[in-house]
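> show me how the following folds:
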Amino acid sequence: QLGRRSRLPAGGQPRGLVAPPPSALAAMAASSPVLPISVFPLMVPVRPDLTQYEGFVHAEGSTRQFWCRVSSLPPHGLANKDGTLQGARLETSPELTQLLGEKLNDLLRKQLNDSRSLGSFFQEFQKVITRVARKTSRTAIPPPDFYEQLRAELEDTVQDKICWLSLSQPQEVWLEVVDESRREHIVKVTIPPQFPDEKPTATCELPVAVQLSWPGNIKPGQYLRYIYEIYSTHISKLQAFFDAMDDFDRHAWVISHGTVMRSSTARKVGLGNHRYMDMIVNPMHVCARPHVEFSGAEGVHHLRARLREYEWKETLSLRANLESAFGMPLPLRDQCLVETTADECPICYCATLDVSPGQVEVLSEVCSHCRVGYHPSCIKEYLATGIADCPTCYVPFVTLANAS
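Predicted coordinates:
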């Protein structure tokens with residue numbers, strides 16, 4: 001039953017993976033110029049153009065194997081123009097993600113993008129896994145009755161809410177809470193080896209932290225049920241917040257360098273014509289006036305004044321209040337890019353830039369994605385700060401000339 005409910009089956013491989021036939025995989029892996037099959041026999045290409053690899057990496061000197069996937073690679077084993085694998089993505093099983101921790105996961109993803117070849121990355125990747133696996137192998141062995149206690153928890157009526165169960169220490173169980181709007185919330189429960197003498201801990205992507213306080217009459221077999229009920233209650237109290245933020249994300253240009261976390265109470269919003277709004281919402285009182293700060297071109301002064309004078313109505317939604325205050329619908333991303341003025345630089349808000357006596361720069365550096373122009377000096381200084389994305393469309397900046 002757990003196998004059917006799990007997002008990952010017992011072997012750690014996600015559902016829905018449709019690989020080519022074994023004979024085709026063997027031929028593709030043997031001919032791969034980026035990842036030799038003799039070195040990593042369990043990592044095989046799943047696309048003929050070698051843009052995606054999937055399989056298992058083992059820890060040296062151990063029988064432990066961990067599932068992972070590398071995708072969005074340059075095709076046919078070639079590097080990008082800068083000689084790196086910039087843009088490649090690394091995905092790992094929940095067990096390996098937990099084992100590595102947030103810092104190592106982030107470091108490995110950056111190292112993948114900076115690597116010259118997939119083979120060199122996987123050699124370093126295997127070293128990291130081996131080092132971490134050796135440390136965790138020294139963890140305390142649970143007492144004999146630990147698994148009896150765990151079995152009692154899993155046989156409780158909360159069993160149909162379990163969506164993943166780890167096979168390593170500390171034991172981790174993921175519970176799925178579905179709210180009134182059919183959103184799925186994952187509660188990650190960690191059960192220590194000393195359970196039940198040492199109580200479980202739990203985390204979930206929520207804007208307000210949940211403090212677990214254990215009642216004195218709780219019995220073995222009731223811990224997971226108690227955690228599930230506590231988080232279900234808190235999630236129910238946050239329905240208005242989730243509804244308001246989902247509505248806002250669907251009907252406004254929310255600027256983000258990745259997936260917006262469900263626990264985030266902040267949004268950066270594009271308002272068109274190089275005007276932006278940073279907003280922070282009270283999750284327990286989402287209909288109240290949020291904290292808002294504006295930035296960008298001169299037009300933001302008008303929007304700031306309108307919002308300051310507006311009488312906030314808590315009977316209206318967050319988005320409806322802001323649209324009433326601004327006197328316009330919140331624009332979507334594509335609308336903002338179409339309406340963006342083309343006669344001034346989005347960084348300095350000038351049409352031309354005097355860089356020296358008799359030398360004037362025009363908007364000659366044009367983004368290949370949004371077609372917005374910048375002064376060469378402005379965009380060079382902007383990118384020198386370490387930000388790689390276009391200030392207007394927030395995708396990696398490539399000039400129109402280089403793209404063509």
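> I'd say Ile186 and Val178 touch.
No: between Ile186 and Val178 there is no contact, the gap being 10.7 Å when judged by Cβ atoms under 8 Å. The C-beta positions use only the backbone N, C-alpha and C, and glycine is treated the same way.
> tell me who's in contact with Glu153.
Contacts for Glu153 (Cβ atoms under 8 Å, 6 or more residues apart in numbering) come out as Val173, Ile191, Pro220, Gly221, Tyr223, Leu224.
> secondary structure class for the closest residue to Pro215 other than its chain neighbours?
Nearest non-adjacent residue to Pro215, counting by Cβ to Cβ, 6 or more residues apart in numbering: Tyr226, 7.6 Å away. The assignment at Tyr226 comes out as helix when based on DSSP: H, G, I helix; E, B strand; the rest coil.
> over to Phe40?
Strictly by three-state DSSP, Phe40 counts as coil.
> my read is that it contacts Phe122, right?
Yes: with contact defined as Cβ under 8 Å, Phe40 reaches Phe122; the gap is 5.6 Å.
> the residue nearest the centre of the chain and Gln111, how far apart?
Of all residues in the chain, the one closest to the mean position by Cα atoms, centre = their mean is Thr259, 4.7 Å from it. As judged by Cβ to Cβ, to the nearest Å, Thr259 and Gln111 stand 21 Å apart.
> equivalent analysis for Asp247, please.
39 Å.
> can you check Ser232 too?
Remark: distance between Ser232 and Gln111 (Cβ to Cβ) = 39 Å.
> which residue ranges of the chain form helices?
Using DSSP state H, the helices of the chain run over residues 2-5, 22-30, 94-114, 118-136, 146-154, 223-237, 239-251, 300-309, 318-326, 333-339, 376-383, 400-403.
> what mean pLDDT does the first one get?
Across helix 2-5, the average pLDDT comes to 37.
> again, but for the second one
Mean pLDDT, taken over the full extent of helix 22-30, equals 46.
> cool, and the last one?
Summarised as a single mean, pLDDT over helix 400-403 is 72.
> ok now it, how far from the chain's centre?
If you compare the mean C-alpha spot of helix 400-403 with that of the full chain, they lie 29 Å apart, counting by Cα atoms, centre = their mean, to the nearest Å.
> mind exporting that helix as CSV, just the C-alpha atoms?
The C-alpha coordinates for helix 400-403 follow below in CSV (Å, rounded to 0.1, in the frame of the first residue of the first chain):
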residue,chain,number,x,y,z
LEU,A,400,20.3,40.0,-29.7
ALA,A,401,23.5,40.1,-31.7
ASN,A,402,25.0,37.2,-29.8
ALA,A,403,21.8,35.1,-30.0
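> other residues contacting that helix?
Identification of contacts with helix 400-403 by Cβ under 8 Å, 6+ apart yields Val366, Cys367, Ser368, Arg371.
> with adjacent residues omitted, what lies nearest to Ser93?
Sequence neighbours aside, Trp67 is the residue nearest to Ser93 in space, at 4.3 Å (criterion: Cβ to Cβ, 6+ apart).
> who's the one you found bridged to?
Counting by DSSP bridges, Trp67 is bridged to Phe56.
> quick check: pLDDT value at it.
As predicted, Trp67 sits at a pLDDT of 90.
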